[in-house]
Structure formats: structure tokens, C-alpha cells
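Novice: Okay, here's the prediction I keep looking at, along with the sequence it came from:
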Amino acid sequence: MADACALCGLRFERAQGYFVGAIYINYAVTVLVAIVGFLLLWGIAGFSTRGQLAVLVPLVAIFPLWFFRYSRSFWLAVEWSINPES
């Protein structure tokens, strides 16, 4: 990851532990995906528990790895909107 944005100079790496909020966002969105997936598979598709696990466990294992870069970007955007001078 670059140290700063080439266009505006916004520093990406602020301090140790800065992106803990991004981890919380990633976790919350993953839980939301799992709950919505469960409700869709159970309520609409009528999958059994075994079928739900077969679909949701790989999804919940892979989704946070894919989504982490977006949660970091979102965390930076939230911080920048609150404190644009940084």
C-alpha cells in the first residue's frame, strides 16, 4: 500500500492500530451478509441446514478477504469527512 495519495497527499498509514475501525466495519458487513444470506436461503430457497452451511461458510470465509480493502477505504473516508485537515 502506498504511504500517501499521489493526488491529494492524504496519508494512508496514520498510526499503529488506526485501521481497527476498518476491521470492525469489515466484520459488521460480513455478519450482515451472513444474516441476509441465511434468511434468503432459509426463507425463500428452503435450503436445509447442511445446504446453508455449504453455501455460507465459504462465503463468510472469503468475503472479508475481498472486502477488507473497501472497508479500509471507507474508514479513511469517514475519518477524512470528520477531520479534513489531517
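Specialist: That came in fine, so what should we check first? Numbers count the residues shown, from 1 in each chain.

Novice: Could you find the closest non-adjacent residue to the residue nearest the centre of the chain?
Specialist: Centroid-nearest residue in the chain, with C-alpha atoms, centre = their mean: Asn26, separated by 2.6 Å. Distances taken as C-beta to C-beta, 6 or more residues apart in numbering place Ser71 nearest to Asn26, at 4.1 Å, with adjacent residues excluded. (Glycine included, C-beta is placed from N, CA and C.)

Novice: Ok, Ala2 next?
Specialist: Closest residue to Ala2 in three dimensions, ignoring its sequence neighbours and counting by C-beta to C-beta, 6+ apart: Phe12, at 6.4 Å.

Novice: correct me, but the one you found touches Tyr18?
Specialist: No: the pair Phe12 / Tyr18 is not scored as a contact, 9.1 Å apart, by C-beta atoms under 8 Å.

Novice: in the lowest-mean-pLDDT helix or strand in the chain, what's buried?
Specialist: None of the helices or strands of the chain scores lower by mean pLDDT, DSSP states H and E than helix 49-82, at a mean of 93. For helix 49-82, burial by neighbour count (16 or more other C-beta atoms under 10 Å) applies to 52, 55-56, 63-64, 67-68, 71-72, 74-76, 79.

Novice: roughly how far is it from the heart of the chain?
Specialist: From the chain centre to the centre of helix 49-82 is a distance of 3 Å (C-alpha atoms, centre = their mean, to the nearest Å).

Novice: what packs against it?
Specialist: Packing contacts for helix 49-82, counted by 3 or more C-beta pairs under 8 Å, 6 or more residues apart in numbering; DSSP states H and E, involve helix 20-39.
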